[in-house]
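# 3D, please:
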Amino acid sequence: MKKTLLLVAAGLLLITTAQAQKAEIGGFYGISFNSKIRTYYGEFKVDDKANYGGQLSIALSSETFVELMYNRTDTRVQYYRSQPFDISIEYFHIGGLQQLDAWALSVALAGGAKIFLHERIGIRLQARLGMPMLFNGLYLGVGTGGVSSGASFRVPLVQFDLSAGLFLRL
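Numbers count the residues shown, from 1 in each chain. Have a look, this model is predicted:
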């Protein structure tokens with residue numbers, strides 16, 4: 001998985017260099033507010049902890065970017081009255097970023113602001129709503145009214161995080 005992401009990132013950098021487009025790379029650190037995970041047999045409590053990561057943004061135009069983002073939270077989980085145990089929650093996202101003046105929005109249910117301190121360096125403030133989706137099933141039906149289909153997903157954990165970091169425009 002890591003090799004694939006590195007190859008994709010390297011390929012995007014090569015394409016960007018060849019077309020003389022701009023790229024931005026940055027990191028962030030913040031806090032993640034986690035919900036409980038409810039199951040048939042009980043409830044998992046996920047501690048609120050710090051999160052960190054980074055993003056690589058490739059310019060498609062002066063205000064539109066394709067973005068690769070990595071986000072990680074190292075936290076603890078407790079099931080009912082058992083001993084807590086350590087887990088790491090990771091997100092890998094590929095998305096879009098459209099700049100509106102100094103504001104940036106993401107298709108990953110995120111919003112924030114980019115504040116340029118200089119032509120090539122700035123601060124990125126953001127809030128994200130992370131919702132991993134678990135696949136429950138597919139439905140396909142055929143009847144006198146035609147064909148119908150559907151898919152079912154559930155969200156076992158909702159995370160809201162606030163973070164801030166520096167970025168460098170390459």
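# The chain: helices as residue ranges?
Along the chain, counting by DSSP state H, helices occupy 2-18.
# In it, which residue is most central in space?
By C-alpha atoms, centre = their mean, the chain has its centre lying nearest to residue 93, at 4.8 Å.
# That residue touches residue 56, doesn't it?
No. Residue 93 lies out of contact with residue 56 (C-beta atoms under 8 Å); the separation is 11.2 Å. Backbone N, C-alpha and C define where each C-beta goes, glycine included.
# Mind listing the shared neighbours of these two?
Common contact partners of residue 93 and residue 56 (C-beta atoms under 8 Å, 6 or more residues apart in numbering): 67, 68, 69.
# Restricted to strands, list the residues you listed.
67, 68, 69 (DSSP state E).
# Report pLDDT for the residue located most distally from the centre of the chain.
Taking C-alpha atoms, centre = their mean, the residue of the chain most remote from its mean C-alpha position is residue 144, at 42.7 Å. We have a pLDDT of 74 for residue 144.
# follow-up on the earlier one: would you mind listing which of the shared contacts of residue 93 and residue 56 are buried?
Buried residues within the shared contacts of residue 93 and residue 56, defined by neighbour count using 16 or more other C-beta atoms under 10 Å: 67, 68, 69.
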